[in-house]
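1. I would like to see how this sequence folds:
(chains A and B)
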Amino acid sequence: MISNELILAAGAGANPLLPNPWEILVTAAGFAVLLFLVVKYIAPAFEKSYQDRVTAIEGGLEKAEAAQAEANATLEQYKAQLLEARTEANRIREDAREEGAQILADLKTKAADESARITEQAQRQIEAERVAAVTSLRAEVGTLATSLASKIVDDALENDERASRVVDKFLAELETQQNAGASN
Amino acid sequence: MGGALRQITEFAPDRNCREDSALTAFALPTATEPYVPPTISDTHLPEVLPWLAEYGTGFGKQMIMIILSIILIVWFFKAAIKNPKLVPGKTQFLAESAYSFVRNGIGRDIIGEKNFAQWVPLLFATFFFVLLNNLFGAIPFLQIPSFSHAGSAYAMAIIIYGTWIAVGVKNHGIRYFKLAVVPSGVPGWIMPLMVPLEIISNFIVRPLTHSLRLMATMLAGHMIVMLAASGARHLIVVQESLAMNGIGIAVIAGSVAMYFLELLIMVLQAFVFALLTAIYIQGALDADAH
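-> Down below sits the predicted model:
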């Protein structure tokens, strides 16, 4: 179907391997210009954009890490402060308790001393009053008993000397009795 | 006017005036006009400056596209990174992804962590220069990959060739040529065979394949587009049989799939070109490592 002539005809025309010198020149010069522009402007711009992105990402990561570290440090600080505050509170409570106990003990001692003092004073007063009572009783009881006895024995004992001796004897007995009773 | 139409669409409908049209007449039934297949010459459009001058004598469409690609690359990437944001917008993200694809995917992975940084601009410029000029072949009205013209492919290959030889000499002195052509760990008696082979492989074949691989794939893709378009036109417009018209429509439908295949090849060839550039530079940097 396809004749040899046709195939030969397709081969006819210009030789595709023979270059047009002007095209070599234009391509070489054009490529030189393109290469110059790429070297001078395009490649550095892209490399810079790439570097900027790397820097930004690394910077962002560093910033995040720093923030994390700071947060951790603050947390540690708060924890330490909290612990300190708790210790402090415990110490204060302990102190207060001790102080309270101390105060209580002091008050108890003071109260005991006071009561002892009051008791002693009361006893001394009682003793003094008793002595006074005894003295007054001795005088009165002697007079009363003498007058009573003189009335009973009717003048028998009008002699003062005798009367006084009897009274003293009586009183001595009375005292002895009383002492015996007190020692019982 | 006919010339201007040719200028834009590249598919010259009126080729009856060509002297070899009788030779190439395609024997189809009921043809009122013989089918003339496109040739390499059809990729060589008349010049723009001076207007419609013969190809090769002035400033042409292909050169305009080369310059356009440079303007577009610089404009897009400069605009995208003009006000760089830490959290990139859509355009900046796209541009940064494209940049880091070349930087990390080609530069760092091939040349290595230690030395790649200074080669990123070259790889970046190479990749996007080739990529955009290839993609021009898929854009209506532009519709021709700049590198389907051998001159541009040679220019790029020569620049890369000169670069990696300079890198080798700079890093290893004149000893670099010995390192490059005398393989280590090979018995002495095989050297007379190996050294010429290495010289041919490294210093002659390498730049040729580097440029021709790109030129040939782009030219082939472009020829397929031209063939499909002119063939479909002939089948639909010139042929009178309904069946032929139908086949013509089928050709157009099929060429959509070809279009996407071409897109893939355009991107792939740009990647291969930049990848080989990185591999050559790496080879020159670490010439004493193997």
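
2. pLDDT score assigned to the residue of the stretch 151-290 of chain B found nearest chain A?
-> The minimum distance from the stretch 151-290 of chain B to chain A, using C-beta to the nearest C-beta, falls at residue B:151 (3.2 Å). (Glycine included, C-beta is placed from N, CA and C.) We have a pLDDT of 92 for residue B:151.

3. Which residues are in contact with it?
-> A:19, A:20, A:21, A:22, A:23, A:24, A:27 (C-beta atoms under 8 Å, 6 or more residues apart in numbering or on different chains).

4. Tell me which helix or strand it sits in.
-> helix B:150-172 (DSSP states H and E).

5. and the end-to-end length of stretch B:95-114?
-> 24 Å (C-alpha to C-alpha, to the nearest Å).

6. which outside residues touch that stretch?
-> Against stretch B:95-114 from outside (C-beta under 8 Å, 6+ apart): A:42-43, A:46, A:49-50, B:76-77, B:80-81, B:88, B:116-117, B:119-120, B:123-124, B:127-128, B:271, B:274-275, B:278-279, B:281-282, B:285-286.

7. hmm, 6 Å instead?
-> Residues from elsewhere that reach stretch B:95-114, judged by C-beta atoms under 6 Å, 6 or more residues apart in numbering or on different chains: A:46, B:77, B:80, B:88, B:116, B:119-120, B:123-124, B:127, B:274-275, B:278-279, B:282.

8. can you check stretch B:60-72 too?
-> For stretch B:60-72, the surrounding residues in contact (C-beta under 6 Å, 6+ apart) are A:23, A:26-27, A:30, A:34, B:45, B:47-48, B:132-133, B:136, B:146, B:149.

9. do that again at 8 Å, thanks
-> Contacts for stretch B:60-72 (C-beta under 8 Å, 6+ apart): A:20, A:22-23, A:26-27, A:30-31, A:33-34, A:37, B:7, B:45-48, B:129, B:132-133, B:136, B:142, B:144, B:146, B:149, B:152.

10. ditto for stretch B:159-167
-> A:28, A:31, B:122, B:126, B:176, B:206-207, B:210, B:276-277, B:280-281, B:283-285.

11. Could you rerun that using 7 Å?
-> A:28, A:31, B:207, B:210, B:277, B:280, B:281, B:284, B:285 (C-beta atoms under 7 Å, 6 or more residues apart in numbering or on different chains).

12. Which of those residues fall in helices?
-> Among these, the members falling in helices (DSSP state H) are A:28, A:31, B:207, B:210, B:277, B:280, B:281, B:284, B:285.

13. Which of those sits closest to residue A:143?
-> Taking C-beta to C-beta as the measure, residue A:143 sits nearest to residue B:285 out of those, at 153.2 Å.

14. And the longest helix seen in chain A, how far out from the chain middle?
-> The longest helix of chain A (DSSP H) is helix A:43-153. Its chain's average C-alpha position is 14 Å from that of helix A:43-153, according to C-alpha atoms, centre = their mean, to the nearest Å.

15. How about stretch B:69-79?
-> The answer for stretch B:69-79 is 19 Å, by C-alpha atoms, centre = their mean.

16. buried ones in that stretch?
-> B:69, B:70, B:73, B:74, B:76, B:77 (16 or more other C-beta atoms under 10 Å in any protein chain shown).

17. quick one, what contacts the last one?
-> By that I understand residue B:77. So residue B:77 contacts A:42, B:95 (C-beta under 7 Å, 6+ apart).

18. repeat for the fifth one
-> Taking C-beta under 7 Å, 6+ apart as the criterion, residue B:76 is in contact with residue B:95.

19. Between helix A:43-153 and the strand or helix carrying it, find me the angle.
-> For residue B:76, the host element (DSSP H and E) is helix B:61-80. Between the axes of helix B:61-80 and helix A:43-153, defined by axes from the mean of the first three to the mean of the last three C-alpha atoms, to 10 degrees, the angle is 10 degrees.

20. after helix B:61-80, next one along is what?
-> helix B:90-100.

21. Let me know the helix or strand that residue B:133 is in.
-> Per DSSP H and E: helix B:120-135 holds residue B:133.

22. any weak-confidence spans in chain A?
-> For chain A, the stretches flagged by pLDDT under 70 are A:1-3, A:5-13, A:152, A:154-159, A:181-184.

23. Show me what from it comes close to chain B.
-> A:5-6, A:9-10, A:12-14, A:16-24, A:26-28, A:30-31, A:33-35, A:37-39, A:41-43, A:45-46, A:49, A:52-53, A:56 (C-beta under 7 Å from any C-beta of the partner chain).

24. Buried subset of the residues you listed, written for ChimeraX?
-> Here is the ChimeraX selection string for the buried members of the residues of chain A next to chain B, based on 16+ other C-beta under 10 Å:
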select /A:6,9,10,14,16,19,20,22,23,24,26,27,28,30,31,34,35,37,38,39,42,43,45,46,49,53
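
25. Low-confidence bits of chain B, can you list those?
-> Those would be B:1-32, B:290, if you go by pLDDT under 70 across chain B.

26. try 50
-> B:1-27 (pLDDT under 50).

27. Thanks a lot, see you next time.
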